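A.B. asks: Structure here, sequence nowhere to be found:
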C-alpha cells in the first residue's frame, strides 16, 4: 500500500469522524430545542388552565352579586362582556403562540377582564348583604388565589420562553434552528404592577371608591 493510499484513508477517517461529531452535535442541539419548545408549550398550558379557572368562577360570581338589591347592572354587564371578549380571541391552549400580535390581543382581552373584575369587587363593598354572603366570600377567596396563580404562571411562561429564545439565538444553534422551524417565541409584556396580582380583598373599615377606567 503506497503513501497516497494511506493518506487518502486517513483523510476519509478524519472526514467521517468530523461528520459523526457534527451529526451528534446537531442531534443534541435539535433535541435541546425540542425539549425547550415543549417546555414553553407546557408553561403556556398552565397559563391557559389558570385563566380558564378564573373564567369558570365568573358566572357564579355574577349570579351571586346580581342577587344584591339595586346592584349596579352596568358593572355586571362589563364583566360579562369582558369574559365574552376573551373567548373571542382564538388561540391554541396547548401550543404557545408564535405571533406576538396574537399574544398581545389575548393579553389585552385578559387585562380588560381583570380590570372589570376589580371594579366589580370594589363596587361590591358598598353592599352589606354581599359582605355577609358566604358564597360571595368564598368566590372572592378563590379569585384571589387564582390571580396569584396567574401571576406565577405568566412568570414561568416568560422564563421558559427566555431560555428557549436564548438557545435559538446561540451559536451554533442559530445556524440551523430556522431550518427545523424553531423561531423566537413572544413574551407576555410586562405592565406596571404586573409583578403584583390585583387586589381583590375587601376593606371592611373604609368606604369603597371605584377606580377610574383605564
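C.D. replies: Nice, thanks for sending it over. Quantities reported herein were computed from a predicted structural model and do not represent experimental measurements.
A.B. asks: show me where the protein has helices.
C.D. replies: 3-66, 73-88, 100-124, 128-131, 134-169 (DSSP state H).
A.B. asks: What is the fourth one packed up against?
C.D. replies: So the one you mean is helix 128-131. Helices and strands in packing contact with helix 128-131 are not found; criterion 3 or more CB pairs under 8 Å, 6 or more residues apart in numbering; DSSP states H and E. Quick note: C-beta positions are derived from backbone N, CA and C, even for glycine.
A.B. asks: Can you point out the buried residues in that helix?
C.D. replies: Going by neighbour count (16 or more other CB atoms under 10 Å), the buried part of helix 128-131 is residue 130.
A.B. asks: Any chance you could list what contacts that helix?
C.D. replies: 64, 65, 68, 69, 124, 125, 136, 137, 202, 204 (CB atoms under 8 Å, 6 or more residues apart in numbering).
A.B. asks: what sits against the second one?
C.D. replies: In other words, residue 65. With CB under 8 Å, 6+ apart, residue 65 has these contacts: 71, 76, 120, 124, 130, 136.
A.B. asks: Check the gap between it and residue 175 for me.
C.D. replies: 57 Å (CB to CB, to the nearest Å).
A.B. asks: just the fifth one next, same as before
C.D. replies: Here residue 124 is placed at a distance of 57 Å from residue 175 (CB to CB).
A.B. asks: Which of the helices of the chain sits closest to residue 189?
C.D. replies: Relative to residue 189, the nearest member of these by CB to CB is helix 100-124, separated by 6.5 Å.
A.B. asks: Now that closest one: average pLDDT?
C.D. replies: Taken as a whole, helix 100-124 has a mean pLDDT of 93.
A.B. asks: And for stretch 142-161?
C.D. replies: In this model, stretch 142-161 has an average pLDDT of 96.
A.B. asks: What are the buried residues along it?
C.D. replies: Residues of stretch 142-161 classed as buried by neighbour count (16+ other CB under 10 Å): 142-144, 146-147, 149-151, 153-158, 160-161.
A.B. asks: from those, which single one is nearest residue 92?
C.D. replies: residue 157 (14.0 Å).
A.B. asks: low-scoring stretches of the chain, by residue?
C.D. replies: Low-confidence segments of the chain (pLDDT under 70): 1, 3-7, 9-14, 17, 19-28, 190-214.
A.B. asks: If we use 50, what do you get?
C.D. replies: Within the chain, the segments meeting pLDDT under 50 span 192-195, 197-198, 200-214.
A.B. asks: Buried subset of the contacts of helix 128-131, written for PyMOL?
C.D. replies: Filtering the contacts of helix 128-131 down to the buried ones (16+ other CB under 10 Å) takes a single PyMOL command:
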select buried, resi 64+65+68+124+125+136+202
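A.B. asks: Out of the contacts of helix 128-131, which two sit at the greatest distance?
C.D. replies: Checking these with CB to CB, the most distant pair is 69 and 204, at 19.5 Å.
A.B. asks: coming back round to it: I'd like to know which of the contacts of residue 65 is nearest to residue 30.
C.D. replies: residue 120 (48.5 Å).
A.B. asks: Great, nothing more from me.
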